[in-house]
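Q: Task: produce atomic coordinates for the following.
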Amino acid sequence: MTSLLLNADMGESFGPWVMGLDHKVMPHVDLANIACGFHASDPDVMRRTVRMAAEHSVGIGAHPAYPDLVGFGRRSVACSTEEIENLVLYQVGALAAMCHAEGLELRYVKPHGALYNDMARDPEIFTAVARAILAYKPDLPLMTLATRDTTAIRELAAQHGITLWFEAFADRAYDSEGRLVSRSQAGAVHHDPAIIIDQARRIATGQPLVASDGSELILTADTLCVHGDNEESVASVRAIRQMLTALKEAS
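A: Model prediction:
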């Protein structure tokens, strides 16, 4: 697989608090998942990030989350399915308005953090997110986790008429099912650039990763998530971009 689209979480600053090096990452990615105010961001950050994406011809996706600014959206919140549908619709609509103001269109939705993980595990939460997308724009793709076996979530998406984009991560450890190892566990996030770049190459070329239990894991993905929180991670993003370009030219 040499046509992976690179995506990165963007616009996660809030007021004077700065998160990430968006201006250094944006030139190297294809898709920007822009926070919508519930786990990070604010109206000024959102519109500024939309403009930055436009400058670099980067596709824009909504990055909705549980209402959890303090926990950065990484904690599950006890919401009903109706509440999840409405909070996703609210956030998607907010970012879509910023895109419209800049003459752009929203291209997809990628839930953030705990909502992303809960959606991948719980059919009722997936259905709530799907209903929000259907209420806004039925043909908007939903980005979700590429696991060892995606049969169940593909069937669920088909029932609702939702298009899925499967996502893999260059800097995260996986369990035997192809789910992300919890950040509460040691080794859940890779920091060594060599490991991150090698994992990206393996995903892009269909080679197996080593899961946390030592088993081999092959992931089939449409897009690869990269992070740019510091200078080392930005260097990894650049290297992954160069690697993917070289694979494409060689194919």
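Q: Give me the helices and strands touching the helix or strand hosting Ala62, please.
A: Secondary structure from DSSP states H and E places Ala62 in strand 59-63. Counting by 3 or more Cβ pairs under 8 Å, 6 or more residues apart in numbering; DSSP states H and E, the packing neighbours recorded for strand 59-63 are strand 5-10, strand 31-35, helix 43-55, helix 81-101, strand 108-109. C-beta coordinates here come from the backbone N, C-alpha and C atoms, glycine included.
Q: Those into TSV, with extra columns for distance to Ala235 and mean pLDDT?
A: Output for those, formatted as TSV (distance: least, Cβ to Cβ, whole Å; pLDDT from 0 to 100):
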stretch	distance to Ala235	mean pLDDT
strand 5-10	14	97
strand 31-35	19	98
helix 43-55	20	98
helix 81-101	29	98
strand 108-109	27	98
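Q: Go through these and name the closest to Gly187.
A: For those, the distance to Gly187 is smallest for strand 5-10, at 20.9 Å, taking Cβ to Cβ.
Q: What are the buried residues along that closest one?
A: Residues of strand 5-10 classed as buried by neighbour count (16 or more other Cβ atoms under 10 Å): 6-10.
Q: Hmm, Pro27 is touching His56, no?
A: Yes: Pro27 sits in contact with His56 when judged by Cβ atoms under 8 Å, with a separation of 5.3 Å.
Q: OK, contacts around the closest residue to Arg154 other than its chain neighbours?
A: Nearest in space to Arg154, with sequence neighbours left out and distances taken as Cβ to Cβ, 6 or more residues apart in numbering, is Leu164 at 6.7 Å. By Cβ atoms under 8 Å, 6 or more residues apart in numbering, the contact list for Leu164 reads 141-144, 153-154, 157.
Q: can you do 7 Å?
A: Applying Cβ atoms under 7 Å, 6 or more residues apart in numbering, we find Leu164 in contact with 141-142, 144, 154, 157.
Q: Repeat that for Asp42.
A: Residues near Asp42 by Cβ under 7 Å, 6+ apart: 14-15.
Q: residues near Asp44, how many?
A: Residues near Asp44, counting by other Cβ atoms under 10 Å, number 11.
Q: Identify all contacting residues around the strand holding Ala62.
A: Applying Cβ under 7 Å, 6+ apart, the contact partners of strand 59-63 are 9, 30-36, 50, 53, 91-92, 95, 99, 104, 106-110, 112, 143.
Q: Mind listing what's buried along the lowest-mean-pLDDT helix or strand in the chain?
A: None of the helices or strands of the chain scores lower by mean pLDDT, DSSP states H and E than helix 231-250, at a mean of 90. Within helix 231-250, the residues that count as buried by 16+ other Cβ under 10 Å are 233-234, 236-241, 243-244, 247.
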